[in-house]
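**Student:** Model the structure of this input:
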Amino acid sequence: MRTGLRRVGRDVARGRHLEVYVVAALALTFATLSVVGDVVPDNLRWAALLAGMALLVYRITVPEPVGSVAKVFGDRTAFEEVPLAARLKAATEVWVFAPSGVNFLSMPHLDLLRKTVLARGGDVRVVVLDPAAKDAVALAVRQLDRSVTYPLQDFRESLTTVLRHLGSVSTWQVNGKFEHRLLDYNPGFSIVAVDPQKRHGRVIVEFHGFHNESTVTRMHLELRRADSERWYAYWVEQFEYIWAAARRPADDSTCADDPAAV
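**Tutor:** As a prediction, this is how the structure comes out:
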């Protein structure tokens, strides 16, 4: 019973299935009044009954909101088919977790974040691997460099480059808020979330896998709330756990320019 009530509460808060709950509430009210006496006129009873039947028939004919598999799954080229500028056009919040994030956190992309999300007073959160976590870095090298048939990047060099970029971004005078943290564990996926807490938000997940032909061929999952409320909330929560577990960078050698630090 409690689980059902919580589900109804979440749906109402998010504006989902409101017509169903309105009709159900009316039907329940009329049914209750009918028990205690002949309070409700017959025409209202029939109106509630017919409304419920009409809504039931309508919902049967409505297609599921989930798009085709091709719209949800893809490789990196599917993600890149929509330019980042278009994704950030009206965004006010961006979350990123990646072992190095060298592709998403390139200088052009960071500058684009400055001109869009940060310029309009939005928030940007970034988490990358902690270069001081030697075991995690060594495992990431094995996962991301040595398990690729045609490697093009060196993880340690990429992480050093990104940390240098993030250090520079932290000094920017912008309207928005930029934060970055360091995680001592690689969970085997990367996340980019755009406006994750809004109804129109999107979460893109890249799975590292055990072996890939190249970094481009890794599987991607792009979700909207309409695709799956459950799994959308799951991946948003995954980033929130990562953010809580990551540490703030200190002014020490772990964020230095020296490649030996990683």
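**Student:** Let me see the domain layout of this protein.
**Tutor:** Recorded structural domains for the chain (assignment: automatic domain parsing) are 2-61, 69-261.
**Student:** ranking those by mean pLDDT, which is last?
**Tutor:** Ranked by mean pLDDT, these end with domain 2-61 at the bottom, a mean of 61.
**Student:** show me the contacts for Val141.
**Tutor:** Counting by C-beta atoms under 8 Å, 6 or more residues apart in numbering, Val141 makes contact with Phe155, Arg156. Using the backbone N, CA and C atoms, a C-beta is placed for each residue, glycine as well.
**Student:** Would you mind naming the helix or strand containing it?
**Tutor:** Using DSSP states H and E, Val141 falls within helix 134-144.
**Student:** Following element in sequence after that helix, please.
**Tutor:** Sequence-wise, the next helix or strand downstream of helix 134-144 (DSSP H and E) is helix 155-169.
**Student:** which helices and strands does whichever helix or strand comes after that next one pack with?
**Tutor:** Downstream of helix 155-169, the first helix or strand assigned by DSSP H and E is strand 177-183. Judged by 3 or more C-beta pairs under 8 Å, 6 or more residues apart in numbering; DSSP states H and E, strand 177-183 is in contact with strand 123-129, helix 155-169, helix 229-245.
**Student:** Out of the ones you listed, which gets nearest to Ala136?
**Tutor:** Nearest to Ala136, of all those, is strand 123-129, at 5.7 Å by C-beta to C-beta.
**Student:** tally of neighbours for the closest residue to Thr215 other than its chain neighbours?
**Tutor:** Excluding the flanking residues, the one nearest Thr215 by C-beta to C-beta, 6 or more residues apart in numbering is Val148, at 6.4 Å. Neighbours of Val148 under the rule other C-beta atoms under 10 Å: 20.
**Student:** Are we agreed that Leu113 is in a helix?
**Tutor:** Yes - Leu113 forms part of a helix when assessed by DSSP: H, G, I helix; E, B strand; the rest coil.
**Student:** do you know how far it is from Arg156?
**Tutor:** 24 Å (C-beta to C-beta, to the nearest Å).
**Student:** Might you report the residue contacts of the residue lying closest to Asn175 once chain neighbours are set aside?
**Tutor:** Spatially, and ignoring its direct neighbours in sequence, Asn175 is nearest to Gly121 (4.3 Å; C-beta to C-beta, 6+ apart). Applying C-beta under 8 Å, 6+ apart to Gly121 gives the contacts Thr92, Asn175, Gly176.
**Student:** I'd say Ser147 and Phe210 touch.
**Tutor:** Yes - assessed by C-beta atoms under 8 Å, Ser147 is found in contact with Phe210 at 6.4 Å.
**Student:** residues contacting Val126?
**Tutor:** By C-beta under 8 Å, 6+ apart, the residues touching Val126 are Trp95, Val96, Phe97, Gly101, Leu105, Leu166, Phe178, Glu179, His180, Arg181.
**Student:** can I get the residues you listed in JSON lines with neighbour count and distance to Arg218?
**Tutor:** Output for the contacts of Val126, formatted as JSON lines (neighbours: other C-beta atoms under 10 Å; distance: C-beta to C-beta, whole Å):
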{"residue": "Trp95", "neighbour count": "23", "distance to Arg218": "19"}
{"residue": "Val96", "neighbour count": "22", "distance to Arg218": "16"}
{"residue": "Phe97", "neighbour count": "25", "distance to Arg218": "15"}
{"residue": "Gly101", "neighbour count": "25", "distance to Arg218": "14"}
{"residue": "Leu105", "neighbour count": "22", "distance to Arg218": "17"}
{"residue": "Leu166", "neighbour count": "21", "distance to Arg218": "23"}
{"residue": "Phe178", "neighbour count": "21", "distance to Arg218": "27"}
{"residue": "Glu179", "neighbour count": "16", "distance to Arg218": "26"}
{"residue": "His180", "neighbour count": "23", "distance to Arg218": "23"}
{"residue": "Arg181", "neighbour count": "19", "distance to Arg218": "23"}
